[in-house]
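Visitor: Got a sequence here, can you build the structure:
(one chain, ligands or ions: 1)
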Amino acid sequence: MEIVILPDPGAVARFGAAVLADLVRREPGAVLGLATGSSPLGIYAELAGLVSAGELDCTRATGFALDEYVGIPEDHPQSYASVIRAEVVEPLRMDPARVHVPDGRAADIPAACAAYEAAIRNAGGVAVQILGIGANGHIGFNEPTSSFASRTRIKTLAPRTRADNARFFDDPEDVPTHCLTQGLGTIMDARRLLLVAQGGGKAEAIAATVEGPVTAMAPGSILQHHPAVTVVVDEAAASKLRLADYYRHVFENKPEWQRIAVPPAS
Ligand code: F6R
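Guide: Got it, this is the predicted structure:
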């Protein structure tokens, strides 16, 4: 794992945006794995700035969201379809037809999940997957004890996740109880993973992900088995990392050729 500790959320956003912009410039038709929630918003804003300045063209890129709520209409402002449209598709001027979100309203949920997996595969797989992390260690909505082999499926949100996400809804009771999420196995198929976290509320989850045992109790810890992971955190989110000074030393002294790049598509 490459651990990058930066002074503040702005620096985290610029770093993440640089990784994605570099990919899209080299592979204009790249497949981007999109997270929702607050963690990646700075990255999207940075990318939008590059697009408006005419320095980046995302019109040929494809996107796949990690997850979607079940039980709220697609046009609800907090559906992930709405959030992805407002925070990613429109500001990055992506082609809406190329940006996909799991269908949380499908009559046949297992079929919708299988179709989502097939769509990712048919697009050639995700080149870079952006990830946030829940305070309980979830990635996507793979809550603690999710199978490491899981694929896109319906999950019940953990009480802590519903409480954390209540800030996006008028009433905590309005937070959906279920979601569709890419599985841990789906996420692990991406060529490169970019996990971003800001703030002290994520410090424990980041420490468990990076330095803890690999365990389904901390779903993010499966990333230790991926060959191309970059964890980008601000000082507050890094505050529980035991080897933080080592990671800083490694990053500051890393020759350019040793930096993780997006591995070529196979
Ligand atoms: C969202 C997602 C979740 C969030 C996580 C952190 O698509 O997959 O894993 O990344 O819940 O949420 P924020 O960024 O709001 O703290």
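Visitor: Kindly report the residues of the stretch 51-200 of the chain close to the ligand.
Guide: Taking C-beta under 6 Å from any ligand atom, the part of the stretch 51-200 of the chain that reaches the ligand is made up of 66, 67, 132, 133, 134, 138, 139, 140, 141. (Glycine included, C-beta is placed from N, CA and C.)
Visitor: Return the member of these nearest to residue 126.
Guide: residue 66 (9.8 Å; C-beta to C-beta).
Visitor: out of everything not next to it in sequence, what's closest to the closest one?
Guide: Using C-beta to C-beta, 6 or more residues apart in numbering and skipping the chain neighbours, the partner closest in space to residue 66 is residue 140 (4.4 Å).
Visitor: hmm, back to that, possible to save the residues of the stretch 51-200 of the chain next to the ligand as TSV with pLDDT, neighbour count and secondary structure?
Guide: Shown next, in TSV, are these (pLDDT from 0 to 100; neighbours: other C-beta atoms under 10 Å; DSSP: H, G, I helix; E, B strand; the rest coil):
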residue	pLDDT	neighbour count	secondary structure
66	98	29	coil
67	98	24	strand
132	98	22	coil
133	98	27	coil
134	97	26	coil
138	98	27	coil
139	98	30	strand
140	98	28	coil
141	98	25	coil
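Visitor: what's the farthest-apart pair in those?
Guide: 67 and 133 (13.1 Å).
Visitor: sorry, back to before: ok, the residue nearest to residue 66 touching residue 190?
Guide: No - using C-beta atoms under 8 Å, residue 140 makes no contact with residue 190, being 11.3 Å away.
Visitor: Which single residue in the stretch 51-200 of the chain comes nearest to the ligand?
Guide: residue 132 (2.5 Å; C-beta to the nearest ligand atom).
Visitor: phi, psi of that residue?
Guide: phi -100, psi -180 (degrees, to the nearest 10).
Visitor: leaving aside the residues next to it on the chain, what's closest to it?
Guide: residue 39 (3.3 Å).
Visitor: check contacts around that neighbour.
Guide: 132, 133, 196, 197, 198 (C-beta atoms under 8 Å, 6 or more residues apart in numbering).
Visitor: Please give the number of neighbouring residues around the last one.
Guide: Translated: residue 198. Applying other C-beta atoms under 10 Å, we find 23 other residues in the vicinity of residue 198.
Visitor: Then the fourth one?
Guide: Here the neighbour count serves as a burial measure; for residue 197 (other C-beta under 10 Å) it reads 26.
Visitor: can I get the CA coordinates of stretch 257-266 in CSV?
Guide: Written as CSV, here are the backbone C-alpha positions of stretch 257-266 (Å, rounded to 0.1, in the frame of the first residue of the first chain):
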residue,chain,number,x,y,z
TRP,A,257,9.7,5.4,-11.0
GLN,A,258,8.6,3.9,-7.7
ARG,A,259,5.3,5.8,-7.6
ILE,A,260,2.2,3.7,-8.1
ALA,A,261,0.7,4.3,-11.5
VAL,A,262,-2.5,2.8,-13.0
PRO,A,263,-1.4,-0.6,-14.3
PRO,A,264,-2.1,-1.1,-18.0
ALA,A,265,-5.3,-2.9,-18.9
SER,A,266,-4.7,-6.6,-19.5
